[in-house]
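[1] got a structure for you, letters missing:
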């Protein structure tokens, strides 16, 4: 086990009707609230009205319209509102993008320059307004971690940033908010959760048995419940297990004692940058191709564990067993209705080289579980066509 | 899944030499430190000297000699020191008993009456001094939760108390501190960890698949690494996995979404009260007998899951499969060198009735996974002779 720091300080209130705790959770920080949300979904859910009712004793300033890939322009507007209205606490209601925007806004409130600086250089993040979230999507884990991803459309840049001070003080997780999600979002969100776990399960510093067992637990949960949620969107057990899985997948728990760079996320990042496809879909497409490409003597043991512990497969022949696990991964995503080739999401052969170059330009892909060159990535992507 | 609150706010610093972070972690709270510790073990480890060196810029008041079952007399003395020296932060260095004492001391610092009141009635716990811990034993999980157990020798009472405000602000977990533990403590500590998990795994409100998988992860970790640590006390992987398992077993993670009363702990509590045996040993003795007694149609499915997912057993016949899992549990404790009968720890037949009566008098045993009467408990204990 590597040394690690684990500090998931968020006060989680999980379950039906937990929204009633919102006033109590906010009161600790003050009366001036910046309410950050996205499109109309929280109004359709009835959540917007409920929150306004619950927060009658508070002074609420609204920042609506945060984009699915949150933009620095929205963040700048949020920061302006914080400074103008002496905001005490930032309340994000929505999915990961909304929460990510809220984080940089909360940091920007104490920063004199352009908040884009905090995205480019996380070391500039200092004091941060307290953040409280109400989650309406199970995917990014942003509700219990210090990460944020922000896009700048002027410079065509999209960067991840983060700080321990970005970790929300409290998050309300009510699985019933997932009941009305479209199937495509349920499936892509699950692929995102699973990819977070894969990135942490398959790593260079790989001696942390307990953390690996926790990884397998989350993967098994996704595999068991995503099909149930797709079949019956109002299945509470399925939705609650997926929601809690998304939170635990990226709060520092499953990588405790492990270390190494991520692989599929940097590759997918370029797919999304070049073609604006859904993040979870890109991850689902790349994952099995990557697994097949890196399956070799050195990784065989790990892929056998994966096949055995996550998929319950058995077999004497290690290579056969490992391959069964990878095939099952691909079939699972397919059966969840995710398009599993680049062609299906209109990504063309001719861009593959450029996307592979961009991946290695922007990331140290040599530090991944199996180090990858531009040519390696090109092959992985070609195998997805 | 039941609704739940999860708030494990402790800043965990895990690994070799993490003690160097101690001054930084304390500085946030002030310069006046109450150092709470037990016998001489932290001096033998060299930890005492190291801490005194590291904290040269701090003003340290010491409370040594906290008992293995911490007594209210030590707590009272700690509270007196806090008030006299205007203590800012309580630093507990040791195992669970030391940390438990520190918690009630930290609460007592803001309480005008006798701190025993806070043990008898947790609702009286209000403001609490910040608590920082350095853990030297893997067992109770006290380093990341709000629980404390304190004994009163005058009234012959031993009660558990707790408050979210008791949760330590930071805990340093260095697995090398476990290298010098005697085998008996390693084994009993592991039995304690496993029992914490069994209590949460086998519960009445039993629909939280992810939490059950996390339970199985911790159990598998204990089963894999306790024998390794017994064989080679300085095996870092074994010690680190056991240490982290103990923390995660009782920080609210594995019972998220589940509910119901504990069974073996209340029964063992009376064994310890009547005969002063080691808590972990008592738990190991009672557990398999309890499992066999409650194995029936209604619980069969769960015990089959346990046998399959924790012990990797297979089989068509459910009752046979479940029994294999229970037998394996008993054999495991035996092979770890734990005495597995009441006779071996000098507990006599004649006290069994009284201990069973005391168990049902002090606890609502009807709310357990399988509700138990005094007669049931008597039978379970008789089967341990």
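    Okay, I see it. Just so you know, these numbers come straight off a predicted model, no measurement behind them.

[2] strands along chain A, start to end?
    Taking DSSP state E, the strands of chain A run over residues A:4-6, A:11-14, A:32-37, A:59-63, A:89-94, A:131-135, A:147-152, A:157-162, A:170-173.

[3] can you list the domains in chain A?
    The record's domain parsing of chain A by automatic domain parsing lists A:11-177, A:183-382.

[4] next one, pLDDT for residue A:108 please.
    The model reports residue A:108 with a pLDDT of 98.

[5] also the one 10 residues further on?
    Turning to residue A:118, the model gives it a pLDDT of 98.

[6] who's in contact with it?
    Residue A:118 makes contact with A:104, A:107-108, A:111, A:124-125, A:161 under the criterion Cβ atoms under 8 Å, 6 or more residues apart in numbering or on different chains. In this view, the C-beta of every residue, glycine as well, is placed from N, C-alpha and C.

[7] now the two most distant members of those.
    Based on Cβ to Cβ, the longest span within the contacts of residue A:118 runs between A:111 and A:161 and measures 12.2 Å.

[8] more crowded one of the two?
    Using other Cβ atoms under 10 Å in any protein chain shown, the more surrounded residue of residue A:111 and residue A:161 is residue A:161, with 25 against 17.

[9] so that one touches residue A:101, yeah?
    No - the pair residue A:161 / residue A:101 is not scored as a contact, 11.7 Å apart, by Cβ atoms under 8 Å.

[10] centre-most residue in chain A?
    Nearest to the centroid of the C-alpha atoms of chain A, with distances taken as Cα atoms, centre = their mean, sits residue A:140, at 2.2 Å.

[11] the closest residue in space to that one that isn't next to it in sequence - how many residues pack around it?
    Nearest-residue entry for residue A:140: residue A:96, 2.9 Å, with adjacent residues in sequence omitted and distances by Cβ to Cβ, 6 or more residues apart in numbering or on different chains. Neighbouring residues of residue A:96 were enumerated by other Cβ under 10 Å; the total is 28.

[12] any idea how far residue A:96 lies from chain B?
    For residue A:96, the distance to chain B under the criterion Cβ to the nearest Cβ, to the nearest Å works out to 19 Å.

[13] tell me, what's touching residue A:111 and residue A:161 both at once?
    In the contact map built from Cβ under 8 Å, 6+ apart, the residues linked to both residue A:111 and residue A:161 are A:118, A:125.

[14] which residues in the stretch 251-385 of chain A form helices?
    Per DSSP state H, counting those that start in this stretch, the stretch 251-385 of chain A has helices spanning A:264-275, A:279-294, A:297-311, A:318-335, A:349-362, A:374-382. These are given in chain order.

[15] bridging residues for the residue nearest to residue A:120 when sequence neighbours are not counted?
    Excluding the flanking residues, the one nearest residue A:120 by Cβ to Cβ, 6+ apart is residue A:159, at 6.3 Å. Note on residue A:159: beta-bridge partners residue A:150, judged by DSSP bridges.

[16] what residues does the stretch 151-300 of chain A put near chain B?
    Residues of the stretch 151-300 of chain A lying near chain B by Cβ under 8 Å from any Cβ of the partner chain: A:175, A:207-210, A:213-214, A:216-218, A:220-221, A:224-225, A:236-237, A:240-241, A:244-245, A:248, A:253, A:256-257.

[17] in helices, which of the residues you listed appear?
    Here DSSP state H is the test, and these give A:209-210, A:213-214, A:216-218, A:220-221, A:224-225, A:236-237, A:240-241, A:244-245, A:248 as lying in helices.

[18] about what we covered before: against chain B, how distant is the residue nearest to the centre of chain A?
    18 Å.

[19] need the pLDDT of that residue.
    pLDDT recorded at residue A:140 is 91.

[20] next: residue A:154.
    Reading off the confidence values, residue A:154 has pLDDT 88.

[21] just to revisit the earlier point, please pick the buried ones from the residues of the stretch 151-300 of chain A next to chain B.
    When those are checked for burial by 16 or more other Cβ atoms under 10 Å in any protein chain shown, the buried set is A:175, A:208-210, A:213-214, A:216-218, A:220-221, A:224-225, A:236-237, A:240-241, A:244-245, A:248, A:253, A:256-257.

[22] still on that earlier bit, can I get the helices of the stretch 251-385 of chain A in JSON lines including distance to residue B:146, mean neighbour count and mean pLDDT?
    Output for these, formatted as JSON lines (distance: least, Cβ to Cβ, whole Å; neighbours: other Cβ atoms under 10 Å in any protein chain shown; pLDDT from 0 to 100):
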{"stretch": "helix A:264-275", "distance to residue B:146": "36", "mean neighbour count": "21", "mean pLDDT": "92"}
{"stretch": "helix A:279-294", "distance to residue B:146": "37", "mean neighbour count": "24", "mean pLDDT": "97"}
{"stretch": "helix A:297-311", "distance to residue B:146": "33", "mean neighbour count": "18", "mean pLDDT": "97"}
{"stretch": "helix A:318-335", "distance to residue B:146": "39", "mean neighbour count": "18", "mean pLDDT": "98"}
{"stretch": "helix A:349-362", "distance to residue B:146": "44", "mean neighbour count": "17", "mean pLDDT": "95"}
{"stretch": "helix A:374-382", "distance to residue B:146": "47", "mean neighbour count": "19", "mean pLDDT": "98"}
